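>>> would you be able to build a 3D model of this:
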Amino acid sequence: MIRHHVLMTLNDDAKDAADTIVAELRAFVPTCPEIRSYQVGRDMGLTPGAADVSVVAEFDSVDDYRAYSAHPEHQRIISEHIAPNAASLVRMQTDD
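Model (predicted):
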């Protein structure tokens, strides 16, 4: 199993984009059969300096992760909603 982790910190003037990013990613999930499990949400504001949006996704294989990563709808969400608004984006994959 491959677990994909993402922490997004949005630009100060783009904090309101978090809800759109979460909604877009949630709408995308049912269209990508390679996704085994997907959790996305915005920070609750309990810890100062925390990231704004997180994703934890699970895939059965590296090929499934790569298919998700390259999926045209996923790429659209990144280019239209994440890239223009993200101050930083931390990603990693583990083989839990």
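>>> for the rest of this, base every contact and every neighbour count on C-alpha atoms.
Will do.
>>> can you tell me how far the spatially most distant residue from the centre of the chain is from residue 55?
For the chain, the largest distance from the centre (C-alpha atoms, centre = their mean) belongs to residue 48, which lies 20.8 Å off. Distance of residue 48 to residue 55, computed by C-alpha to C-alpha, to the nearest Å: 19 Å.
>>> if we can go back for a sec, what about the residue farthest from the centre of the chain, which SS state?
coil (DSSP: H, G, I helix; E, B strand; the rest coil).
>>> helix, strand or coil: sort out the spatially most central residue of the chain for me.
Nearest to the mean C-alpha position of the chain, counting by C-alpha atoms, centre = their mean, stands residue 55 at 4.3 Å. Under three-state DSSP, the three-state class of residue 55 is strand.
>>> renumber starting at 2 from here on
Renumbered: residue one is now 2, and that last one reads residue 56.
>>> what's around the residue lying closest to it once chain neighbours are set aside, how many residues?
Leaving aside its sequence neighbours, residue 56 sits nearest to residue 41 (C-alpha to C-alpha, 6 or more residues apart in numbering; 4.4 Å). When neighbours are defined as other C-alpha atoms under 10 Å, residue 41 has 18 of them.
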